[in-house]
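>>> any chance you could fold what I've pasted below:
(one chain, ligands or ions: 1)
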Amino acid sequence: MAEYKKELKIESNYLDETLAVIENKLEQELDNIAIKRENLIAARRDMYDSTPHSSQDFEQIVEMVQQLSPLQTQTHDYEATAKRIRKYEKLLDSPYFARVDFSEEGLEKESIYIGLANLMDDKTYNIYVYDWRVPISSIFYRYELGDVSYNSPSGTIKGEVTLKRQYEIKNSKLEYFFDSSVNVIDDILKKALSGNTSSKMNTIVESIQREQDIIIRDIDNDLVIVQGVAGSGKTSVALHRVAFLMYQGLTEKLKSNNIVLISPNYLFGQYISNVLPELGEENIATLTFEDLFTTICGNIVDIKSRTALLEKIISTDDIKKKELLKASIQFKLSKEFITILDRFIQHFERKMIDFTDIHYNGQCVVTRDLLKADILKKEKKSVPIEKRLEQINTKITNRLQELRKGRLKKLEKFVHEHTDHPFHEKAFARLLSLKESIPLRKTIDKFTKIDYLPLYKKLFADKDLFYRLGRGLNLPEDIEQILNETNKNLGEEELSYEDAMGFICLKLKMTGLKTHRDIKQVVVDEAQDYYPIHFEILKLLFKDAKYTVVGDVNQTIEKQTDISSYELLKSILKKQKSTTVYMNKSFRCSHEINTFSSRFVDSDIHIESFDRHGEMPNIVHKESVSVLDNTVVEDVKKNQSEGYRSIAIICKSMTQATKLYESIKDKIDVQLISEYSSDTTDGIIIVPIYMAKGLEFDSVLVYGVDDKNFKADDDKNLLYIACTRALHKLSLYYTGEISKFLI
Ligand SMILES: Nc1ncnc2c1ncn2[C@@H]1O[C@H](COP(=O)(O)OP(=O)(O)OP(=O)(O)O)[C@@H](O)[C@H]1O
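Residues are numbered from 1 along each chain as shown. As a prediction, this is how the structure comes out:
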């Protein structure tokens, strides 16, 4: 006790000193920002008053740019100060959460306090707090007491850890601290996990596990693949890795706009949107493949979302139709289809471009054969076809320009000989020349510009061609039906999701789009939902980027997959150095929920539970739907009275969710979650399983677990996803016979 008191005094003093440093810095920055704000406003006003707001005049534009540049620097400076203020405010609330006493070989012992950001006293150069991302902090996450080592830019540092201490500091007050010998002790983790969850994902910086830390700090690999069971922390790790890379990449200028996160849907993007700001970093762009479609294709055609596709598959009762739809998706998003697209592009280059001889001013400018030979030149093979055609267009245009003088002379002579018009001869000749060039331009454009959508449609419309392109490939048994269905769908106003993906893949390959070259790190979450074509699209778009890909093969919705899919994606992304890491421990669910949910997983992946206990899941049967709905309402109310804040009633499909919503909406305050209608999952929600992916709730009520609703193999995955959304409480409801997966 006396020892504890002594230590408490030391810690209280250290905290006071640290807070004083922070307060001092905060005060300075607050003074600074007031001045900077005034200067910035004045500079902006000055710029507005003294420069033209738009101009065609080159000199004026230069002047505008010259004025803009210092203004931009001033703005950046202001933003950096605001960022530092936010950092100090955060630190003031809780400056650090851990300490390790470390003696580097041959040096004296040092106490390393670890927090969200570095803190140094500018006068003494004393480092009061180390950012959790600096190399030395890794020893806190990775080691127990004793001999340790960590990688620093100057090589491996060895030494000994003699103390590991963790703190709870809130509102600048030290609530408690304790010492431990193990990595990050379970109690802190338990505490973090036993509370209620919120509608936004939290940071895990205080309790990152050793295996998670290894993934977060990996800088050796260009492609990091994480296969992790539900709730193992994949999304958390991916986001903390982003924060780490931004910090680590400070010198390489890896900023938030160099990173992109591919997310399954808008709701998920909202759910994770707090993590990076909480870690003191700017948010990164979160994009869905539907967003990418719009970026690449603009608004040439509307597309059906993946969510709509999933709803269609899940809610189709006709087994044959469902299987055909699944086979069609599987094929059109497969590696085989990518090969067909490649062959189609080659075929297009050789056979489908409608070259014609170009004549001008009575002479042949270029022949069809020459144009054809030009496009097929070996040395141009690596140049995307659209670029090659553009080059041809430019070449012909330049040649026409050269010949134009001669043509104008001829026209002037012609005009002179026909004087029965009121115009000036030269101007009239120019007008005639312009007029006759319109059909010529159209002819040239016809074979040098690509109309992508009709081209994509042609691939399916000409079945003979399709089969020729597919020769030697493993085409699905029902390919004929798939082609028929596709042709039918392509006649509709909206493009189906899988055709939209095929279409952007084709377009990217033919255009070699150069946007997004600034993206250096791509993070793909829920990777199991994607197919080869998705990764091909990413490869084409983010050519030089490194990748972090996290997923769980047991959480697919419309397909069955296994860990071989990771090999496939590796073969597509073709990164030099890659690693695949497994995370088998689930942190989200209580031990009871986790054990219950494991029954839906029959792959080789062994699921471990974190040792946090709760109630056993319960299965509720009622005679009729109306009684069942009332029971759900009563149970939700009970959940609320037990203190659970976020409660989700999860249905198999949107159709079922809507039906239940209509039935109970007047009895409880409940929100129906649909694709774009909701920004938040606060309170009580009804949601289809595919929209609940990646999210979590204190209490989950899975609705309609009868033998008709959950009977196919895919349904098992759906049950796994639904049940593993629950942290503390799980109940399942049905009428009639129970699903065979629950017996
Ligand atoms: N080291 C940790 N410390 C504290 N909490 C953690 C830790 N790792 C994971 N968690 C918590 O576990 C829960 C699940 O994490 P996360 O959503 O990242 O898992 P996931 O593997 O992406 O899950 P899913 O595949 O089901 O979407 C979250 O509440 C997260 O905060």
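>>> buried sites along stretch 307-323?
Neighbour-count burial for stretch 307-323 flags T307, A308, L309, L310, E311, K312, I313, I314, T316, K322 (criterion: 16 or more other CB atoms under 10 Å). (Glycine included, C-beta is placed from N, CA and C.)
>>> then stretch 683-693?
I684, I685, I686, V687, P688, I689, Y690, M691, A692, K693.
>>> quick one: mean pLDDT for it?
What stretch 683-693 shows for mean pLDDT is 94.
>>> what about that stretch, how long is it end to end?
Terminal residues of stretch 683-693 lie 17 Å apart, using CA to CA, to the nearest Å.
>>> for that stretch, what is the distance to the chain centroid?
Here stretch 683-693 is found 20 Å from its chain centre; the criterion is CA atoms, centre = their mean, to the nearest Å.
>>> show me the buried residues of stretch 683-693 that map onto strands.
Among the buried residues of stretch 683-693, the members found in strands (DSSP state E) are I684, I685, I686, V687, P688.
>>> how about the residues of the stretch 201-350 of the chain by the ligand?
Listed as neighbours of the ligand in the stretch 201-350 of the chain under the rule CB under 6 Å from any ligand atom: 202, 204, 207-209, 212, 228, 230-236.
>>> which among those residues count as buried?
Neighbour counting with 16+ other CB under 10 Å marks 204, 207-209, 212, 228, 230-236 as buried within those.
>>> still on that earlier bit, want to throw the residues of the stretch 201-350 of the chain next to the ligand into JSON lines with secondary structure?
Below are those laid out as JSON lines (DSSP: H, G, I helix; E, B strand; the rest coil):
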{"residue": "N202", "secondary structure": "coil"}
{"residue": "I204", "secondary structure": "coil"}
{"residue": "S207", "secondary structure": "coil"}
{"residue": "I208", "secondary structure": "coil"}
{"residue": "Q209", "secondary structure": "coil"}
{"residue": "Q212", "secondary structure": "helix"}
{"residue": "G228", "secondary structure": "strand"}
{"residue": "A230", "secondary structure": "coil"}
{"residue": "G231", "secondary structure": "coil"}
{"residue": "S232", "secondary structure": "coil"}
{"residue": "G233", "secondary structure": "coil"}
{"residue": "K234", "secondary structure": "helix"}
{"residue": "T235", "secondary structure": "helix"}
{"residue": "S236", "secondary structure": "helix"}
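>>> out of those, which one sits closest to D629?
Of all these, A230 has the smallest distance to D629: 27.6 Å, by CB to CB.
>>> who's in contact with that closest one?
D552, N554, Q555, S586, R588, C589, S597, Y720, I721, T724 (CB atoms under 8 Å, 6 or more residues apart in numbering).
>>> nearest to E642 among those?
C589 (17.2 Å).
>>> point to the residue nearest the middle of this protein.
Centroid-nearest residue in the chain: I262, 1.7 Å away (criterion: CA atoms, centre = their mean).
>>> isn't it right up against V524?
Yes: counting by CB atoms under 8 Å, I262 does reach V524; the two are 4.6 Å apart.
>>> any residues in contact with both of these two?
Residues touching both I262 and V524 by CB under 8 Å, 6+ apart: L538.
>>> return the set of buried residues in stretch 356-364.
Counting neighbours by 16+ other CB under 10 Å, one finds that the buried residues in stretch 356-364 are I358, Y360, N361.
>>> quick one: least confident of those residues?
The member of these with the lowest pLDDT is N361, at 77.
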